[in-house]
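Novice: here you go, sequence then predicted model.
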Amino acid sequence: MIAPHRLRGDIRLDGITKSFGETQALAGISLAARPGTFLVLLGPSGCGKSTLLRVVAGLEAPTGGRLLLEGRDVTGLPPAQRGIAMVFQSYALFPHLSVAENIVFGLRARHVAAAERQGRLAETAEMLGLTKLLGRRPGQLSGGQQQRVALARAVVAQAPICLMDEPLSNLDAKLRAEMRREIRALQQRLGITMVYVTHDQAEAMSMADQVVLMRDGCVEQDATPAELYARPASVFAASFIGTPPMSLLRLVSGQNGAEVAGAPGVTVAPAEAAGQLLGLRPEDVAPVDGPGLPGRVQAAEFLGAETVLTVAVGDGAEVMQVRVPGHHALASGTPLRLKLPPAVHLFDSTSGRRLPDRPTT
């Protein structure tokens, strides 16, 4: 019987570094995941997320730092002694073996008794809808079915920690959405700790309990999806999260406070915000008939339930995006005024780090 691992599976990384020659891939990564957490390592290509996952798996040895799994220092241990399961991007299925043989391959290698192997196989196959496919070969399966076999091979090991390296990147958009829901439901049902690598923010925001956003081998922000979206810690986080991402506008000194560059006469923040960057989520800004920030429509992209407007602010020195519900067929050059939210995001223009929120004026 596959039992939930509610009290096992905690992960802690203390100052993990990794260098390949003179290239530093990881620069002192420290983070922790509680048991039963779905943790997503998110970031652009080359940020170090897959390297970090390989360090946790034991496939790469860190240059420095410590790795603790369930309170045990495993920094120097090989993968087989870490008590983890892993799902690869390529699925790594043996083409000459049946689905059943692929699923229990690891159990057979660890000399698990035949009766227990069969019991685990039957339960795992039922859980993932593979019972009728156990006699087939991987070449006879669809991409989604192959992904389920790879998941089954990880689940059948009954490890409290499961690592996933961009497992959905080979699937089409519809199937990716379905598999996101299945993987999340499976993780919650089993209560395992899952570390999931992706560059797709939709996967991170829809699946994770904890998102670790990485950049250039460092942790840019470690937060829940809601916090990451509502309070991005930096310009990089603000521009990476969100579709469309947060608009970032330069602020300059005005007569009564800070104004958006190129839009004189409209004060949007206190005077001390001048010289910094103003962050606005597209859905937090709305066209109004009365006073507001002036602009002209550059483009209108109709997406079905909503329209995304690209707006040149003031004299066009700054450009922002505005999300409005419904269909708005506005021609390029159409003038409009924009109402800003009660409080705005501010970022330091030099460091890119978040500043305390300020009310709009």
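Specialist: Happy to help now that I have it. Numbers count the residues shown, from 1 in each chain.
Novice: the most far-flung residue of the chain relative to its centre: what's it in contact with?
Specialist: Distance from the centre of the chain peaks at residue 255, with 41.8 Å (C-alpha atoms, centre = their mean). Going by C-beta atoms under 8 Å, 6 or more residues apart in numbering, residue 255 touches 265, 267. Yep, even glycine has a C-beta here, placed from its N, CA and C like the rest.
Novice: cool, the one 4 residues further on as well?
Specialist: If a contact means C-beta under 8 Å, 6+ apart, then residue 259 has 251-253, 265-268, 274 as its contacts.
Novice: ends of stretch 258-269, how far apart?
Specialist: 5 Å (C-alpha to C-alpha, to the nearest Å).
Novice: any of the contacts of residue 259 buried? List them.
Specialist: With neighbours counted by 16 or more other C-beta atoms under 10 Å, these contain buried members at 251-252, 266-268.
Novice: what number of residues lie near residue 147?
Specialist: Residues lying near residue 147 (other C-beta atoms under 10 Å) number 24.
Novice: my read is that it contacts residue 168, right?
Specialist: Yes: assessed by C-beta atoms under 8 Å, residue 147 is found in contact with residue 168 at 7.2 Å.
Novice: check the contacts of residue 259 against residue 61 and report the nearest one.
Specialist: Of all the contacts of residue 259, residue 251 has the smallest distance to residue 61: 46.9 Å, by C-beta to C-beta.
Novice: tell me the phi and psi of the closest residue to the closest one other than its chain neighbours?
Specialist: The shortest distance from residue 251 to any non-neighbouring residue, by C-beta to C-beta, 6 or more residues apart in numbering, is to residue 258 (4.4 Å). With angles defined as degrees, to the nearest 10, residue 258 sits at phi -80, psi 140.
Novice: what sits against the spatially closest residue to residue 71 that is not a sequence neighbour?
Specialist: Excluding its sequence neighbours, the residue lying closest to residue 71 (C-beta to C-beta, 6+ apart) is residue 10, at 6.9 Å. By C-beta under 8 Å, 6+ apart, the residues touching residue 10 are 32-35, 69-71, 193.
Novice: the residue minimising distance to the centre of the chain in helix, strand or coil?
Specialist: Most central in the chain under C-alpha atoms, centre = their mean is residue 204, positioned 2.9 Å from the mean C-alpha point. Assigned state for residue 204: helix (three-state reduction, DSSP: H, G, I helix; E, B strand; the rest coil).
Novice: right, and it touches residue 38 too?
Specialist: No: using C-beta under 8 Å, residue 204 is not in contact with residue 38; the gap is 9.9 Å.
Novice: need the overlap of contacts for those two.
Specialist: Common neighbours of residue 204 and residue 38 (C-beta under 8 Å, 6+ apart) do not exist.
Novice: show me where the stretch 201-350 of the chain has helices.
Specialist: 201-207, 225-230, 235-240 (DSSP state H, counting those that start in this stretch).
Novice: of all those, which one is nearest residue 315?
Specialist: Short answer: helix 235-240, nearest of the helices of the stretch 201-350 of the chain by C-beta to C-beta, at 23.1 Å.
Novice: what bridges to residue 301?
Specialist: Using DSSP bridges, the bridge partners assigned to residue 301 are residue 308.
Novice: pLDDT wise, what is it at?
Specialist: If you check residue 301, the pLDDT there is 93.
Novice: quick one: buried residues of stretch 220-238?
Specialist: Quick answer for stretch 220-238 (16+ other C-beta under 10 Å): 220-223, 225, 228-229, 232-238.
Novice: rewinding a little: so which of the helices of the stretch 201-350 of the chain gets nearest residue 152?
Specialist: Taking these one by one with C-beta to C-beta, helix 201-207 is closest: 18.8 Å.
Novice: how about the closest one: buried residues?
Specialist: Neighbour-count burial for helix 201-207, counted by 16+ other C-beta under 10 Å, picks out 201, 203-205, 207.
Novice: over to stretch 99-119?
Specialist: Buried residues in stretch 99-119 (16+ other C-beta under 10 Å): 99-100, 102-104, 106-107, 112, 117.
Novice: of those, closest to residue 348?
Specialist: residue 106 (49.5 Å).
Novice: thinking again about what came up before, quick check: phi and psi on the residue nearest to residue 71?
Specialist: Dihedral angles (degrees, to the nearest 10) for residue 10: phi -70, psi 150.
Novice: now the one 3 residues further on
Specialist: Listed backbone geometry of residue 13 is phi -120, psi 130, with angles given as degrees, to the nearest 10.
Novice: residue 58 contacts residue 82, doesn't it?
Specialist: Yes: counting by C-beta under 8 Å, residue 82 is a contact partner of residue 58 at 5.4 Å.
Novice: next helix or strand past the longest helix along the chain?
Specialist: Counting residues, the longest helix found in the chain (DSSP state H) is helix 173-190. Next along the chain after helix 173-190, taking DSSP states H and E as the criterion, comes strand 193-198.
Novice: so that following strand versus helix 173-190, what angle?
Specialist: Here strand 193-198 runs at an angle of 160 degrees relative to helix 173-190 (axes from the mean of the first three to the mean of the last three C-alpha atoms, to 10 degrees).
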